[in-house]
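Participant: Next one to model:
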Amino acid sequence: MTGESTRRDFLKISAAALAATSTVAKVAHAASSPAAPAGKLEVWVTNATSRCTRAEAIAWKPRSGAPADAVITLDPAKKFQTILGFGGAFTDATCYMFNQLSSSEREKLFHEMFHPSELGLNVCRVCMGSSDYSASVYSYDDGEVDPLLQRFSIAHDRDYILPILREARKVNPELFLFGSPWSPPGWMKANGSMFGGSMRRRYIPNYAQYFIKFLQAYAAEGVPMQAVTPQNEVDTDQDGRMPACLFPQEYEIEFVQNLGPLLEKNGLNTKIWILDHNYNLWGRAVCELDNPFVKKYANAVAWHGYYGRADQISKAHEYHPEASMHWTEGGPDYTQPDYLTDWAKWSGTFSDVLRNWCESITAWNLALDEQGRPNIGPFSCGGVVTINSQSKEITRSGQYWAFAHFARFIKRGAKRFDSQSSSLDVNHIAAEGADGRHVLVLTNPKTARTVSVQMGDNAAEVRLDENSVTTLLWG
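Facilitator: Numbering: from 1, shown residues only. As a prediction, the model looks like this:
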């Protein structure tokens, strides 16, 4: 074989190899790039002049690399947790305020807040006995020591709490309810009072029976509970200023070991969510879930955001990735000047907890009056909505408008997918619904800016107003 023919053969082989490599590279790029988005992006905005108002749709365009204040990169192929939903707490105070409305006004408000075609709130909390947001102090077994629970009664709740819950569930049959006690009956505690103090360990089996009676009684009233937490805020007695109870780690473990088998024995499929307290207690949650008997009956953690950081939820997830995470309390302060306009604050919080594995978000009081009442405790919380005690006029908090951007668009069964940003100043959360549609919520707490939302080879330029929340929806 001549040298020239060898050279020609080599060039042919090289060209063929280069073409094959190029083809493989194109196929690999096509496989790794998200599918081209369908249609335009529908846009809803809350800002200084608009409240979750539909804005002009934005077209996807080929990605150009033009400069932007921030780049949001989306990858729908990389999915995370499934969303259960959003909601708030039906405290005694909330139900009392809802009950002050005329039936027609309450029907309108409930359609707005709970109907799946509107805000669609569908994961809500019920207080088992009085919390600080109650019109009075009560448990379901007040009085002297009663280990057999012969006095147990939910009579208090029949006045307005149970009717309100039935009405809400009629508007949204998919309403997921979980119950939380702020304190056991006083006779189960070392100080004999529902205010402050700690649980007496010897009454843990009786307290588990107390839960079973509550669940059975509520189910008999047409209001079954889907989950319970053993104790609201296990790590504080609130200085004895309100219904509260210290519930040490070993007590909660023992309680779950009592309650879990009782749920099975009584044919109740109610879930148990442990902790129900702040992010900084993530180590306690990990240690409890390390116990195989706890994990068998309580493979879920409830979180509050008053102390610590949302990324501490991810620390617990790293140790127990199969455990579900839920954000179960947080609400505005009605005395703050931005109570009606702090939507960016709450949207940022919601984005943070969803990016750290939470499957649901439940705010504190759904409704209070203009002075944060009824209230037997020391805090100045406001409701998701305010119902004026005299005029019955309804006003909507900044937290309400934050919920509008999440609950209206991210429905139960949606899956969070990966979103990354080149800027720390823009909060973002992305999800894909069961119908295949995509949602992106962008929160801009600072000055106005333009961001480039990029998915595969396509991009959309989105203007974000100062102190705004923007929801984008596309096929």
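
Participant: what residue ranges in the stretch 351-475 of the chain score low on pLDDT?
Facilitator: By pLDDT under 70, the stretch 351-475 of the chain contains no weakly predicted segment.

Participant: Around N99, how many other residues sit close by?
Facilitator: Neighbourhood size, N99 [other C-beta atoms under 10 Å]: 14. Every residue, glycine included, has its C-beta placed from N, CA and C.

Participant: Pretty sure it sits in a helix.
Facilitator: Yes: secondary structure of N99 (DSSP: H, G, I helix; E, B strand; the rest coil): part of a helix.

Participant: show me the contacts for it.
Facilitator: The contact partners of N99, by C-beta atoms under 8 Å, 6 or more residues apart in numbering, come to 106, 160, 163-164.

Participant: Most neighbours out of these, which is it?
Facilitator: Neighbour counts for the contacts of N99 (other C-beta under 10 Å) peak at I164, which has 23 neighbours.

Participant: Next up, the contacts around that one.
Facilitator: Contacts of I164 (C-beta under 8 Å, 6+ apart): 90, 95, 98-99.

Participant: What of V385?
Facilitator: If you count contacts by C-beta under 8 Å, 6+ apart, V385 has them with 109, 113, 366-367, 394-397, 400.

Participant: how much space between it and V43?
Facilitator: According to C-beta to C-beta, to the nearest Å, V385 stands 25 Å off from V43.

Participant: if we can go back for a sec, which one of the contacts of N99 is nearest to T82?
Facilitator: I164 (28.7 Å; C-beta to C-beta).

Participant: hang on, that closest one in a strand?
Facilitator: No: read with three-state DSSP, I164 is helix and lies in no strand.

Participant: Which member of the contacts of N99 is positioned nearest F409?
Facilitator: Nearest to F409 among those, with distances taken as C-beta to C-beta, is R106, at 25.4 Å.

Participant: Isn't that closest one up against F98?
Facilitator: Yes: contact criterion C-beta atoms under 8 Å: R106 and F98 qualify, at 5.9 Å.

Participant: The residue lying closest to A57 once chain neighbours are set aside: what's it in contact with?
Facilitator: Once flanking residues are discounted, A57 sits nearest to K40: 4.1 Å by C-beta to C-beta, 6 or more residues apart in numbering. Contacts for K40 (C-beta under 8 Å, 6+ apart) come out as 57-60, 474.

Participant: same thing but 7 Å
Facilitator: For K40, the residues meeting the contact criterion (C-beta atoms under 7 Å, 6 or more residues apart in numbering) are 57-59, 474.

Participant: what's the answer for N258, then?
Facilitator: Contacts for N258 were tallied using C-beta under 7 Å, 6+ apart; they are 204-205, 208.

Participant: D465: how many residues sit nearby?
Facilitator: D465 has 17 nearby residues by other C-beta under 10 Å.

Participant: now swap in R169 and tell me
Facilitator: Here the number of neighbours of R169 (other C-beta under 10 Å) works out to 19.

Participant: My guess is L246 contacts R200. True?
Facilitator: No: the criterion here is C-beta atoms under 7 Å, and L246 misses it with R200 at 11.2 Å.

Participant: related to what we said a few turns ago, mind giving me CSV with the contacts of I164 and columns for pLDDT and distance to G305?
Facilitator: Formatted as CSV, the contacts of I164 follow (pLDDT from 0 to 100; distance: C-beta to C-beta, whole Å):
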residue, pLDDT, distance to G305
F90, 99, 20
C95, 98, 24
F98, 98, 25
N99, 98, 29
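
Participant: which among those gets closest to V126?
Facilitator: F90 (5.3 Å).

Participant: Turn the contacts of I164 into TSV, including distance to G308.
Facilitator: Output for those, formatted as TSV (distance: C-beta to C-beta, whole Å):
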residue	distance to G308
F90	26
C95	30
F98	32
N99	36
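
Participant: which among those residues end up buried?
Facilitator: Listed as buried from the contacts of I164 are 90, 95, 98; burial here means 16 or more other C-beta atoms under 10 Å.

Participant: Which single one of those is nearest to G433?
Facilitator: Checking those one by one against G433 (C-beta to C-beta), the nearest turns out to be F90, at 26.7 Å.

Participant: and the next element down the chain from the lowest-mean-pLDDT helix or strand in the chain?
Facilitator: Counting by mean pLDDT, DSSP states H and E, the chain has its least confident helix or strand at helix 3-32, which shows a mean of 42. Counting by DSSP states H and E, the element after helix 3-32 in chain order, helix or strand, is strand 41-46.
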